[in-house]
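*Asks:* What shape does this take:
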Amino acid sequence: MSIARSENVLWQRGWLRPWLRSAAVLLPLVVVAAVVAGNWELIGSSAGRLGEADRKWLAGSCLAAFLTWVCSATAQQGAVVEPLPPGRLLATQFAASAANHILPAGVGGNAVNLRFLLRRGLSPSRAVGALAVRTCATVTGRLVLLGLVLAFFPGALHIRRVIAGGSVVPAHPLLLVAAVALLLTGGYVATRCARRLRDRARAFLASAATDVRALHRNRARVAALWGGGLAFPAMHALVVVMVMRALHSPVPVSGVVAAYLCASTAAGWLPTPAGLGSLDAALALALVTAGAPAVTATSAVLGYRLATTWLPLVPGVMVLAVLVRRREL
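*Replies:* As a prediction, the model looks like this:
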């Protein structure tokens, strides 16, 4: 049985089970609802604070958000030997970001990119391998940046600031129950995937290793892959830095960058759509450990979401529809 057919069987037998699909979609929403309900007063005051922020810095954060899609497109090109059309590749990353806000754990964005690569003539195994290589480069870039920031600025984050100032996200009972259930569901899905695909993993890894060797013989592809992988989390961190500057926060840049990198790394363990809820709570908590007041930290999270999620959402869906209509996806 081919890898593509085995993946299709896995999808039909596992993901399409009603209870599993419902749990994967509803549990992240429950987590987000619990966070919002437990912090409604804080969120309201933080939104008012954001409304008084410096518009020039907020505009700069939107520009940095646009550069995240450029970095994503660069890394995706670096993961493929064949040249990809630059304009359509960038549009695909923009559309993928919108799809990422609908399905959990990056499923929407990866599905859009996978379809784009298949339309460019790549085989299913090579397309999946290219996505895996790009993801690996991005995760590695985030960890490298986090290690460098913590090595050069070891005092950027201090957990005692949270203990002294109180928790940003109260331990709501519903939130704890939903988080545990979400982790258990994710563990079950991962176990099922591993069991069903373990017999085909060797062939897939062999094919991916061949592509990786070919990529690393091309200096331009190496620069695009690892440069884009490093720049992508750096641009997201820059969005948070600019929002904090718009709020006139005295927290140093090193603390803000370390806070974002720690929060985004931790949020990757919870498969919510685009990190909604998980990244928000982790980022607010990390900004407090960097020295920001709770209201400022929450305002920064709202500003970050405004630049990277809410403003691009409708245009991203429109671009996605155009790409589908033109059979680019």
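*Asks:* the bottom helix or strand of this structure by mean pLDDT?
*Replies:* In the chain, no helix or strand scores lower on mean pLDDT, DSSP states H and E than helix 3-10, which sits at a mean of 46.
*Asks:* Could you pull up the residues touching Tyr260?
*Replies:* For Tyr260, the contact set (Cβ atoms under 8 Å, 6 or more residues apart in numbering) comprises 233, 236-237, 240, 283, 286. Bear in mind the C-beta positions are built from the backbone N, C-alpha and C, glycine included.
*Asks:* ok, and it, which helix or strand is that part of?
*Replies:* For Tyr260, the host element (DSSP states H and E) is helix 253-267.
*Asks:* Next SSE downstream of that helix?
*Replies:* helix 278-289.
*Asks:* so the helix or strand just after that following helix versus helix 253-267, what angle?
*Replies:* Under the assignment DSSP H and E, the closest C-terminal helix or strand after helix 278-289 is helix 294-305. Between helix 294-305 and helix 253-267, the angle comes out at 70 degrees (axes from the mean of the first three to the mean of the last three Cα atoms, to 10 degrees).
*Asks:* So which other helices or strands are in contact with helix 294-305?
*Replies:* In terms of contacts (3 or more Cβ pairs under 8 Å, 6 or more residues apart in numbering; DSSP states H and E), helix 294-305 is packed against helix 40-51, helix 55-78, helix 219-246, helix 278-289.
*Asks:* Surely Gly141 is in contact with Ala237?
*Replies:* No: under the criterion of Cβ atoms under 8 Å, Gly141 is not in contact with Ala237, lying 11.2 Å apart.
*Asks:* Stretch 240-259: end-to-end distance?
*Replies:* Terminal residues of stretch 240-259 lie 9 Å apart, using Cα to Cα, to the nearest Å.
*Asks:* so where's the stretch 51-200 of the chain uncertain?
*Replies:* The stretch 51-200 of the chain contains residues with pLDDT under 70 at 102-106, 159-200.
*Asks:* how about the helices in it?
*Replies:* 55-78, 86-100, 107-119, 124-152, 160-165, 173-197 (DSSP state H, counting those that start in this stretch).
*Asks:* out of those, nearest to Pro250?
*Replies:* If you check each of the helices of the stretch 51-200 of the chain against Pro250 by Cβ to Cβ, helix 160-165 wins as the nearest, at 13.4 Å.
*Asks:* The residue nearest to Ala258 when sequence neighbours are not counted - how many residues pack around it?
*Replies:* Leaving aside its sequence neighbours, Ala258 sits nearest to Ala156 (Cβ to Cβ, 6 or more residues apart in numbering; 4.1 Å). When neighbours are counted by other Cβ atoms under 10 Å, Ala156 registers 23.
*Asks:* Is Ala156 in contact with Val251, as I believe?
*Replies:* No: counting by Cβ under 8 Å, Ala156 does not reach Val251; the two are 9.3 Å apart.
*Asks:* any residues in contact with both of these two?
*Replies:* Residues touching both Ala156 and Val251 (Cβ under 8 Å, 6+ apart): Ala290.
*Asks:* Report the separation between the residue nearest to Ala258 and Ala290.
*Replies:* Applying Cβ to Cβ, to the nearest Å, the value for Ala156 to Ala290 is 6 Å.
*Asks:* Quick check: neighbours shared by these two?
*Replies:* Joint contacts of Ala156 and Ala290 (Cβ under 8 Å, 6+ apart) are 252, 255, 258-259.
*Asks:* Which one of those residues is nearest to Thr68?
*Replies:* So of the shared contacts of Ala156 and Ala290, ranked by how close each gets to Thr68 (Cβ to Cβ), first place is Ala259, at 17.4 Å.
*Asks:* you'd agree the closest one is up against Ala290?
*Replies:* Yes: with contact defined as Cβ under 8 Å, Ala259 counts as touching Ala290 (4.6 Å).
*Asks:* Give me the more crowded residue out of those two.
*Replies:* Higher neighbour count among Ala259 and Ala290: Ala259, with 31 against 25, using other Cβ under 10 Å.
*Asks:* Can you tell me the closest non-neighbouring residue to the more buried one?
*Replies:* That would be Ala286: by Cβ to Cβ, 6+ apart, it lies 3.6 Å from Ala259.
*Asks:* How many neighbouring residues does the one you found have?
*Replies:* 30.
*Asks:* contacting residues around it?
*Replies:* Counting by Cβ under 8 Å, 6+ apart, Ala286 has contacts 157, 258-260, 262-263.
*Asks:* From Ala234, how far off is it?
*Replies:* As defined by Cβ to Cβ, Ala286 lies at a distance of 16 Å from Ala234.
*Asks:* His216 too?
*Replies:* For His216, the distance to Ala234 - Cβ to Cβ - is 22 Å.
*Asks:* next one: Ser61
*Replies:* Ser61 is 14 Å from Ala234, by Cβ to Cβ.
*Asks:* Which one's more surrounded, those two?
*Replies:* Between Ser61 and Ala234, counted using other Cβ under 10 Å, the more crowded position is Ser61 (24 against 19).
*Asks:* This completes my enquiry, with thanks.
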